[in-house]
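Asks: Provide a 3D model corresponding to the input given below.
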Amino acid sequence: MPSNDPRFSCRLTRDAAELAAAQRLRYEVFVEELGADGPMVDHTTRREADAFDPFNDHLILLDHDRGDAVVGVYRLLTGEGAARAGRFYSEGEYDLAPLRASGRRLLELGRSCLHPDYRGGSAMLHLWAALADYVRERDIEILFGVASFHGTDPTALAAPLSILHHRHLAPPELRVRAHAARFQRMDLLPESAIDRTAAMRATPALIKAYLRLGGFVGEGAFVDHAFNTTDVCLVMDTAQMNARQRDIYTKARP
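Replies: Numbering: from 1, shown residues only. All right, here's what the predicted structure looks like:
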């Protein structure tokens, strides 16, 4: 259930120091925990950064009981930000032509992470509630972004990838597709051969949260060896969100 825990608050980063704190949390999660790397990862200062950071808004979750430590992060790229950056981050992996052709206001979600001590509790609900405020204030119509399975062996992920393809494939008008050069089929198993309970258990919590809200996946996965992940592209039409689940995620704060 939602929490009104006063120890937490969310806001967009306000200065370079807060952005650095967000990047340090990303380093802890993506580099140290999950084995990611990249050309702008700074192992000396322990910061995970990339060329898109200057064009994003960075939503942070603060724990006031720990001196306003940054314990959660979401990276948010609007259409205007993408125009300044030259493209959306996801366009390095997926053809976003259906979304761009829709003419609707887009928001790319990325680099979502929580400090390990805060997983499974109310912290993520606070981030989601703040994200809902951001979406509402900017009249965002389509949310999308890559979400990841740990590891780069698609055969080890055959069941969850296949159930996503069979049960949650985006409708044609929103169906982005992984670029051909790195396209990984997701329909690796027939639906009749999948233990759905086990497959969903193997699906990361963030992906399941998007699905509960009414999200879909694009066609094909993208194997990201630099980040040590297998990515899927999630797409959500804010007008079609599951109302009950949306209320859970948007009432986390007073």
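Asks: Would you map the helices across the stretch 101-250 of the chain?
Replies: Remark: helices assigned in the stretch 101-250 of the chain by DSSP state H, counting those that start in this stretch are 123-137, 158-168, 196-201, 205-212, 243-250.
Asks: What helices and strands are in contact with the longest one?
Replies: I take that to be helix 123-137. strand 8-12, strand 57-63, strand 69-78, strand 106-114, helix 243-250 (3 or more C-beta pairs under 8 Å, 6 or more residues apart in numbering; DSSP states H and E). For every residue, glycine as well, the C-beta is placed using N, CA and C.
Asks: following the shortest one, which helix or strand comes up?
Replies: Sequence-wise, the next helix or strand downstream of strand 8-12 (DSSP states H and E) is helix 16-26.
Asks: got the buried residues for that next one?
Replies: Buried residues in helix 16-26, counted by 16 or more other C-beta atoms under 10 Å: E18, L19, A20, A21, A22, Q23, R24, L25, R26.
Asks: ok, of these, which one's closest to V135?
Replies: Here the nearest of the buried residues of helix 16-26 to V135, counting by C-beta to C-beta, is A22; it sits at 19.4 Å.
Asks: so what pLDDT did the closest one get?
Replies: A22 carries a pLDDT score of 98 in this model.
Asks: is it true that it touches H58?
Replies: Yes: using C-beta atoms under 8 Å, A22 is in contact with H58, at 5.1 Å.
Asks: shared neighbours of those two, anything?
Replies: The contact sets of A22 and H58 overlap at T13, V73 (C-beta atoms under 8 Å, 6 or more residues apart in numbering).
Asks: Show the low-confidence segments of this structure, by residue range.
Replies: In the predicted model, the chain carries pLDDT under 70 at residues 1-4, 242-254.
Asks: Can you give me the end-to-end span of stretch 30-40?
Replies: Terminal residues of stretch 30-40 lie 13 Å apart, using C-alpha to C-alpha, to the nearest Å.
Asks: Could you pull out the buried residues of that stretch?
Replies: Neighbour-count burial for stretch 30-40, counted by 16+ other C-beta under 10 Å, picks out F30, V31, A36.
Asks: Put together JSON lines for the helices and strands packed on helix 123-137, with distance to L169 on each row.
Replies: Formatted as JSON lines, the helices and strands packed on helix 123-137 follow (distance: least, C-beta to C-beta, whole Å):
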{"stretch": "strand 8-12", "distance to L169": "32"}
{"stretch": "strand 57-63", "distance to L169": "29"}
{"stretch": "strand 69-78", "distance to L169": "24"}
{"stretch": "strand 106-114", "distance to L169": "19"}
{"stretch": "helix 243-250", "distance to L169": "19"}
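Asks: quick one: which of those is nearest S122?
Replies: Among the helices and strands packed on helix 123-137, the nearest to S122 by C-beta to C-beta is strand 8-12 (7.4 Å).
Asks: quick one: that closest one to helix 123-137, angle?
Replies: On the basis of axes from the mean of the first three to the mean of the last three C-alpha atoms, to 10 degrees, strand 8-12 is oriented at 40 degrees to helix 123-137.
Asks: and the nearest residue to D95 once chain neighbours are set aside, how many residues sit next to it?
Replies: Of all residues not flanking D95 in the chain, R177 sits nearest, at 5.2 Å (C-beta to C-beta, 6 or more residues apart in numbering). By the measure other C-beta atoms under 10 Å, the count of residues near R177 is 16.
Asks: got a list of what R177 touches?
Replies: Shown in contact with R177 (C-beta under 8 Å, 6+ apart): Y94, D95, F183, G218, E219, G220.
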